[in-house]
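Trainee: model the following, please.
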Amino acid sequence: SRELLEFYRGKVVQFDGEHEDLLEKYRCTTEDQKLQWEREGTLRLYSENNILKIREQEDSKRIQHLLALVGPDIGKVTIAQKKLEPRILDHRKTTKSRTGSEGNHKSRSEEVVNGGSSEQYRGANQTLVLQVLPAQMEEQTGLSKKKVESLLEDRRIHVEEGQVQHQRDQDPITDKYVCSLSTILYHMPLLPHIPHTLPPHTLGAARQEVQLQREDRSDKMAKRLQMMTQRYEALKKRAAMEVEGFKSDIKHLQQKLKDVEKQLFKVSMGQMLYACVRQTNVRTRKVQGELKAKLYRLEKDLHYS
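Mentor: Numbering: from 1, shown residues only. Model prediction:
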């Protein structure tokens, strides 16, 4: 008995050690997995931030390119340089050569107007750029916020999946541990010295786990039995309804058969009457022919006599 007791004690200690080792390994793997997910999330955020910066630079270059493509125009376009455009200077030269002194007066007035218009358009252009930039910044911040929210949602989903996987991996280990303890407790009545030698909290915990496992199994069996009874009742009710439907269909078909038999009887009687009428017509025609022949004979006899 002592050897068996030592053997079971060693088994209990071995199972406890295996259980603790498995739990520790699982904790380490879950922590590593969480760190890897967080690292991937941060790298993704950094990459998204870099992409947004590159897009911002490209947008700024496009804005500058579009502003350069607009080009200068008299009274409408900004002239960022202090010097006038050569196109305007050529225009001035042509006007000078054509108009003379009046052209000189007009060119001076155009210089004043162009200078004022360039300053006005410069201010308008700056205000336009300042108005466009906040909208672009708001759009980029909104996109970045959406990206961050989606990444946080992905992280939350990954954490929930990890918790579910942890629970799935923990359940078989717990079941194995409980089964081993249940086998030990099953063999305990054979050893009278074990309840006195083992610690009471271990025995109580083992008995409680076994009791909980039995209750869980009994609850599952009761739920399964209830489900099966409900399915049986539903099938029985369905079969009864189908039988009632079949009975009603049979009654309806029997009524139709009776109606068809009545119609067939009426048709057969009509055919018999039609045959009788036809025969009587043939006979009457024959009798009429014979009577006519006799009348003709009598007339001839009277005529010759």
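Trainee: going by C-alpha atoms from here, please, whenever you check contacts or count neighbours.
Mentor: Will do.
Trainee: lowest-confidence helix or strand of this protein?
Mentor: helix 86-99 (a mean of 44; mean pLDDT, DSSP states H and E).
Trainee: could I get the full set of helices for the stretch 101-250 of the chain?
Mentor: 101-187, 194-197, 200-304 (DSSP state H, counting those that start in this stretch).
Trainee: the ones you listed: lowest mean pLDDT?
Mentor: When these are ranked by mean pLDDT, helix 194-197 comes last with a mean of 48.
Trainee: mind listing what's buried in stretch 155-170?
Mentor: Neighbour-count burial for stretch 155-170, with 16 or more other C-alpha atoms under 10 Å as criterion, is recorded at 155, 159, 166.
Trainee: redo the residues you listed as TSV? Include distance to Ile173.
Mentor: Output for the buried residues of stretch 155-170, formatted as TSV (distance: C-alpha to C-alpha, whole Å):
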residue	distance to Ile173
Arg155	27
Val159	21
His166	11
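Trainee: and of those residues, the nearest to Glu6?
Mentor: The closest of these to Glu6 turns out to be His166 (C-alpha to C-alpha; 33.5 Å).
Trainee: what separates Met272 from Gln263, distance-wise?
Mentor: Per C-alpha to C-alpha, to the nearest Å, Met272 is found 14 Å from Gln263.
Trainee: same thing with Ile54?
Mentor: 92 Å.
Trainee: what's the neighbour count on Arg207?
Mentor: 16 (other C-alpha atoms under 10 Å).
Trainee: likewise for Lys11?
Mentor: 15.
Trainee: and it, what's its pLDDT?
Mentor: 76.
Trainee: again, but for the one 5 residues further on
Mentor: At Asp16, the pLDDT value in this model is 77.
Trainee: secondary structure element holding it?
Mentor: helix 2-70 (DSSP states H and E).
Trainee: list the helices and strands that helix packs on?
Mentor: helix 101-187 (3 or more C-alpha pairs under 8 Å, 6 or more residues apart in numbering; DSSP states H and E).
Trainee: go again using 10 Å as the cut-off
Mentor: helix 101-187, helix 194-197 (3 or more C-alpha pairs under 10 Å, 6 or more residues apart in numbering; DSSP states H and E).
Trainee: give me the spatial nearest neighbour of Gly162, chain neighbours excluded.
Mentor: Nearest non-adjacent residue to Gly162, counting by C-alpha to C-alpha, 6 or more residues apart in numbering: Thr30, 7.2 Å away.
Trainee: OK, contacts around that neighbour?
Mentor: 24, 36, 159, 162-163, 165-166 (C-alpha atoms under 10 Å, 6 or more residues apart in numbering).
Trainee: ditto for Leu273
Mentor: Leu273 neighbours (C-alpha under 10 Å, 6+ apart): 267, 279.
Trainee: of the contacts of Thr30, which is the nearest to Ala68?
Mentor: Nearest member of the contacts of Thr30 to Ala68, counting by C-alpha to C-alpha, is Gln36, at 47.5 Å.
Trainee: now for the closest one: which residues touch it?
Mentor: Applying C-alpha under 10 Å, 6+ apart, the residues near Gln36 are 30, 42.
Trainee: please renumber the chain so that the first residue is 572 from this point on.
Mentor: With 572 as the first residue, the last one maps to Gln607.
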